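[1] my questions concern the predicted model and sequence given below.
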Amino acid sequence: MATLYVILLTLHNLVRWLVLLAGVWALLRSFRGVGGVQTFTSTDRGAVAMFMSSLHLQVVLGLLLFAYLGMQHVPAFAGARPSFQWEHVGLGLLAAVFATLGNALTKRAAGNQAKFRTAALWTVLSLVTVLLAIPWWRPLLRLFA
Ligand code: HEM
């Protein structure tokens, strides 16, 4: 069963980079149009949706990890300050909520400018929350070890 932990932890570790790349891509796409006359294209829409989906995947992996450790009666983030596990879970969920709101509100916003501004605002909020949630002292890259 320890193998399952290593597999989930490795995927959670790697998906963090997918989240960050998708977030930066969504940010670049949305700031490109703020204050300009560009049309909000399907590529811009896709960037916002991809960022949200990567966060949803990360939350699912995190919940599985958390449940697995709980079933083994092993504390998550052993050695870190005790409140960190709740900060990590809370901030991770909040980041996913911000990205989901961003995706939904961008769809509903009327006009190109409103879409670019809405996408930029929620992507910044979500990305900053992700950066605060990440335990940066843990391995930057884990490959099934
Ligand atoms: C913004 C979303 C998230 C990001 C970017 C993120 C990132 C990370 C990273 C980089 C690690 C360390 C991986 C390693 O040591 O190789 C980690 C560990 C972990 N995360 Fe997340 N996480 C997120 C959300 C969540 C959520 C929502 C939960 C739970 C519901 C969660 C539960 C865990 C658990 C249980 C661990 C392992 C702790 C341990 O091994 O002691 N994460 N996370």
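    In hand now; what should we look at? Residues are numbered from 1 along each chain as shown.
[2] show me the shaky parts of this structure.
    Along the chain, the parts satisfying pLDDT under 70 run over 1.
[3] ok, which stretches of it are helices?
    2-33, 42-71, 84-108, 112-133 (DSSP state H).
[4] single out the most deeply packed of those.
    Among the helices of the chain, ranked by average contacts under mean count of other C-beta atoms under 10 Å, first place goes to helix 112-133 (a mean of 20). In this view, the C-beta of every residue, glycine as well, is placed from N, C-alpha and C.
[5] just want the angle from it to helix 42-71.
    30 degrees (axes from the mean of the first three to the mean of the last three C-alpha atoms, to 10 degrees).
[6] can you show me the CA trace of helix 112-133 as PDB?
    The C-alpha trace of helix 112-133 is given here as PDB (Å, rounded to 0.1, in the frame of the first residue of the first chain):
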ATOM      1  CA  ASN A 112     -14.400  41.300 -24.700                       C
ATOM      2  CA  GLN A 113     -13.000  43.800 -22.200                       C
ATOM      3  CA  ALA A 114     -15.200  42.500 -19.400                       C
ATOM      4  CA  LYS A 115     -14.100  38.900 -20.300                       C
ATOM      5  CA  PHE A 116     -10.400  39.700 -20.300                       C
ATOM      6  CA  ARG A 117     -10.700  41.700 -17.000                       C
ATOM      7  CA  THR A 118     -12.700  39.000 -15.200                       C
ATOM      8  CA  ALA A 119     -10.300  36.200 -16.400                       C
ATOM      9  CA  ALA A 120      -7.300  38.300 -15.200                       C
ATOM     10  CA  LEU A 121      -8.700  39.100 -11.800                       C
ATOM     11  CA  TRP A 122      -9.700  35.500 -10.800                       C
ATOM     12  CA  THR A 123      -6.600  34.000 -12.300                       C
ATOM     13  CA  VAL A 124      -4.400  36.300 -10.300                       C
ATOM     14  CA  LEU A 125      -6.300  35.500  -7.100                       C
ATOM     15  CA  SER A 126      -6.200  31.800  -7.700                       C
ATOM     16  CA  LEU A 127      -2.500  31.700  -8.700                       C
ATOM     17  CA  VAL A 128      -1.400  33.700  -5.600                       C
ATOM     18  CA  THR A 129      -3.400  31.300  -3.500                       C
ATOM     19  CA  VAL A 130      -1.700  28.300  -5.200                       C
ATOM     20  CA  LEU A 131       1.700  29.800  -4.500                       C
ATOM     21  CA  LEU A 132       0.900  30.300  -0.800                       C
ATOM     22  CA  ALA A 133      -0.500  26.700  -0.600                       C
END
